[in-house]
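S.K.: need a 3D model of the following:
(one chain, ligands or ions: 1)
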Amino acid sequence: MLPQTSHERAARLRELIGRYDHEYYVLDAPSVSDAEYDGLFRELQRLEHDDPSLVVADSPTQRVSGAASAAFAPVRHSVPMLSLANALDDDEVRAFDRRVRDRLHELALPADALAYAMEPKYDGLAIELRYEDGALARAATRGDGSTGEDVTANVRTIRAVPLRLPDFAPPVLEVRGEVLLFRRDFARINERQRAAGEREFVNPRNAAAGSLRQLDPSITARRPLRFFAYGLGETEGVGLPDTQAKLLDWLARTGFPVSAERALARDVEGLLAFHRALLERRPQLPYDIDGVVYKVDRRDWQEAIGTVARAPRFAIAHKFPAEEAISELLDIEVQVGRTGKLTPVARLRPVFVGGVTVASATLHNEDEIRRKDLLIGDQVVVRRAGDVIPEVVRALVERRDEASPRRAFRMPTRCPVCDSAVVREEGEADTRCVAGLYCPAQRKQALLHFAQRRAMDIDGLGERIVEQLVDSGRVRTPADLYALDVSTLAALERMGEKSAANLVASIDRSRHTSFARFLFALGIRHVGEEVARVLATRYGDFDALLDEDWSALAVTKATVQKENVRRRARGEAPQPVPLEGIGPEIVGSVQRFLGEAHNREAVEALLAAGIEWPRGMTADAPNDDAGKAVQRASALAGRTFVVTGTLPTLSREQAHEWIRRHGGSVASSVSRKTDFVVAGEAAGSKLARAHELGVPVLDEATLLRMAAPGTEN
Ligand code: 5U1
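M.R.: Alright, predicted model coming up:
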């Protein structure tokens, strides 16, 4: 591109600002952020300041922007509705204060008695309410500052706007302020728009503008618009307050909403402190603000200081960092989260927004990208409000024809980290990698899940240790945990010999578990504790689960369910339904897990590491040498147990088998010879007897752990 002369640049800026003004003020459909617009406006002001020959009569700097829309009757403002000059940083506020004080000196007014009234700068629509003899006579938009639009019918629907004023109000009173929407109301409106298949609004300000300019006031009435008053237009009558601070109090007494966020300052430091405080409180306010406004407090001094061209000299808007900016969507990458969720992430041309430089933003899921109609290569609006994570709000579709080619995003069909299959279940927005145990992205989460108390119950294997073990490459799958020794663990940060030895013992004990806990520990999607219990009860071990013919099971299940309908109709008892309560979604997830070779290998490695559980009926209790070796080493050996109540994961038979297998014996009643009572839920007289005789009572988890060699209770 050839370098532009300042004449050409000024002409280009006038054209752009004119177009954006039209979009903003007339169409209510801005295509640029406020920050970008402000930047262009200031550039033009600077050019014209440096070379006054560039100033032309129709420059946007020479008039108050915009033109009244033809849709509503024009209303001429008897006192022009001004706009405010902006200060973008502390130095510009200091310069404003200096200008005000200099002007007061010029006017021979005592500048040391100066006070500023401070209030929020609402991100809404400026409006003027005219009251005649206490009744709302007319409401008008700002328009171009001289002529606005008559929106009385719509404004009458805003509940915050009084229709009648108290008797003390003057015969003619024009109140100025801003119409806006609370953020939570905006969210509800967009929910409704979505549900009705209508276009969503970009932000609360646009939604407020769209609502106010409805031709049908009944639509406006359904949008909970608000109003905040901040000043006056024409007035007739006497007795109005002489300062801005008192005026706001008076407006509040007269029935107008006025922000509670207002204060007085005597110097620049006071102004800046208010700005900082409100910037911090901004996310907690129920409505959007884009800065604060400082006004000379005395109204007679305001008048004396006066107005230049576009803005009053007695007031300034100190803007907050813009929450929205325009950037380019360079690419969409996919990240795999700790739970296997695939999240598309926007890679952006770095842009300064909300006070920080943003180079990426989450796009949540595939649907979100479709809904926002984003194409890689698009110009996009990026938003960062408060500490909220940055988001891509929308694409500037109108700029698509300008330059480089665009391309649509496709969700990958394999996990970008481990190349396993990904699934998106019906009715769900998220796509997930199915390889929980194997996928490196999910390793830490999978290990923590595996070790948790309700799963393998490995005491002492917390987040900090898992981080180090995975990051150093010592542990890749849960089976690797069983190969750890004391010296390896003792070398980890903040880990002494003793805690390392405790952790090794805890890992060792976890080998003795129940099948239900083991299944739950594998982290199969949709297999929580209850589902794991149901599966464990039916299958007993992993081979049986692998051998299941799932389609035959589905047929059997449907047949039994139909038969039960007939039985119930005949008043007969229903047959037990196989895997009752486990629907196709869960079955599909189990099948997918078992279908991945990585997962089967991970399970085999765990079994090879010595994980064991009670495998069924007493008849199966091992009699072989291995079984005897277990018996010799176990703390159950030679002890007598009574099992009572319902255990969380084991059936009574499984618990008995476990005790016998590890060298213990089982009795049916509690006596002084009983070494331990294993109690579950709803344990009754046997538990009471144990307490009476002082026999130690165990829970299921302790019984399982006792089987570990060297465990003593
Ligand atoms: N809060 C507030 N916003 N606002 C906007 N006060 C305020 N005053 C304004 C404008 C345009 O103008 C007066 C200073 C004339």
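S.K.: residue ranges with poor pLDDT in the chain?
M.R.: Low-confidence segments of the chain (pLDDT under 70): 1-3, 21-29, 57-58, 62-71, 386-387, 402-403, 616-633, 709-713.
S.K.: and the helix ranked longest in it, what other elements does it pack with?
M.R.: When the chain is parsed with DSSP state H, its longest helix is helix 550-569. If contacts are counted by 3 or more CB pairs under 8 Å, 6 or more residues apart in numbering; DSSP states H and E, helix 550-569 sits against helix 584-595. Using the backbone N, CA and C atoms, a C-beta is placed for each residue, glycine as well.
S.K.: follow-up on the earlier one: run through who's touching the longest helix of the chain.
M.R.: Helix 550-569 has contacts (CB atoms under 8 Å, 6 or more residues apart in numbering) with 573-579, 584, 587, 591.
S.K.: burial of residue 109, as a residue count?
M.R.: Residue 109 sits with 16 neighbouring residues when counted by other CB atoms under 10 Å.
S.K.: which stretch of helix or strand covers the closest residue to residue 217 other than its chain neighbours?
M.R.: Of all residues not flanking residue 217 in the chain, residue 153 sits nearest, at 4.5 Å (CB to CB, 6 or more residues apart in numbering). Assigned by DSSP states H and E, residue 153 falls within helix 152-155.
S.K.: for that helix, what is the distance to the chain centroid?
M.R.: Taking CA atoms, centre = their mean, to the nearest Å, the mean C-alpha location of helix 152-155 is offset from the chain mean by 36 Å.
S.K.: just read off the phi/psi values of residue 467.
M.R.: With angles defined as degrees, to the nearest 10, residue 467 sits at phi -50, psi -50.
S.K.: and residue 248, by the same measure?
M.R.: phi -60, psi -40.
S.K.: distance of the closest residue to it other than its chain neighbours from residue 237?
M.R.: Setting aside the residues directly before and after it, residue 248 is nearest to residue 258 in space (CB to CB, 6+ apart), at 4.9 Å. The spacing between residue 258 and residue 237, counted by CB to CB, to the nearest Å, is 20 Å.
S.K.: could you do residue 335 as well?
M.R.: Residue 335 is 65 Å from residue 237, by CB to CB.
S.K.: ok, the two, which is more surrounded?
M.R.: Legend: neighbour count by other CB under 10 Å for residue 335 and residue 237, higher for residue 335 (14 against 11).
S.K.: wasn't the more buried one part of a helix?
M.R.: No - using DSSP: H, G, I helix; E, B strand; the rest coil, the secondary structure at residue 335 is strand, not a helix.
S.K.: pretty sure it is touching residue 360, no?
M.R.: No - using CB atoms under 8 Å as the test, residue 335 is too far from residue 360 to be in contact (9.7 Å).
S.K.: and for those two, which residues touch both?
M.R.: residue 345.
S.K.: for the nearest residue in space to residue 131 that is not next to it in sequence, give me its contacts.
M.R.: Distance criterion CB to CB, 6+ apart; nearest residue to residue 131, sequence neighbours excluded, is residue 173 at 4.5 Å. Counting by CB under 8 Å, 6+ apart, residue 173 makes contact with 130-131, 165, 232, 235-237.
S.K.: for PyMOL, what selects the buried ones among these?
M.R.: Restricted to buried positions by 16 or more other CB atoms under 10 Å, the PyMOL selection for the contacts of residue 173 reads:
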select buried, resi 130+131+165+232+235
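S.K.: what number of residues lie near residue 40?
M.R.: 17.
S.K.: ok, it - contacts?
M.R.: So residue 40 contacts 13, 16-17, 20 (CB under 8 Å, 6+ apart).
S.K.: please apply the same query to residue 130.
M.R.: By CB under 8 Å, 6+ apart, the residues touching residue 130 are 136-140, 172-174, 233-234.
S.K.: quick one: which of these has the most company?
M.R.: residue 140 (27 neighbours).
S.K.: quickly find the element holding that one.
M.R.: strand 135-141.
S.K.: which elements pack onto that strand?
M.R.: Judged by 3+ CB pairs under 8 Å, 6+ apart, strand 135-141 is in contact with strand 125-132, strand 147-149, helix 152-155.
S.K.: number of nearby residues for residue 464?
M.R.: Using other CB under 10 Å: residue 464 sits among 12 other residues.
S.K.: from the ligand, how far off is the residue nearest to it when sequence neighbours are not counted?
M.R.: Residue nearest to residue 464 in three dimensions, not counting chain neighbours: residue 494, with 7.3 Å by CB to CB, 6+ apart. Noted for residue 494: a distance of 54 Å to the ligand, by CB to the nearest ligand atom, to the nearest Å.
S.K.: again, but for residue 413
M.R.: 53 Å.
S.K.: which bits of the chain sit near the ligand?
M.R.: 82-84, 119-121, 126, 230-231, 293, 295, 312, 315 (CB under 6 Å from any ligand atom).
S.K.: just the strands from the stretch 351-500 of the chain, written as ranges.
M.R.: 356-362, 379-383, 391-395, 422-423, 431-433 (DSSP state E, counting those that start in this stretch).
S.K.: can you list the ones you listed in JSON lines and add mean neighbour count?
M.R.: JSON lines is the format used below for the strands of the stretch 351-500 of the chain (neighbours: other CB atoms under 10 Å):
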{"stretch": "strand 356-362", "mean neighbour count": "16"}
{"stretch": "strand 379-383", "mean neighbour count": "23"}
{"stretch": "strand 391-395", "mean neighbour count": "20"}
{"stretch": "strand 422-423", "mean neighbour count": "19"}
{"stretch": "strand 431-433", "mean neighbour count": "24"}
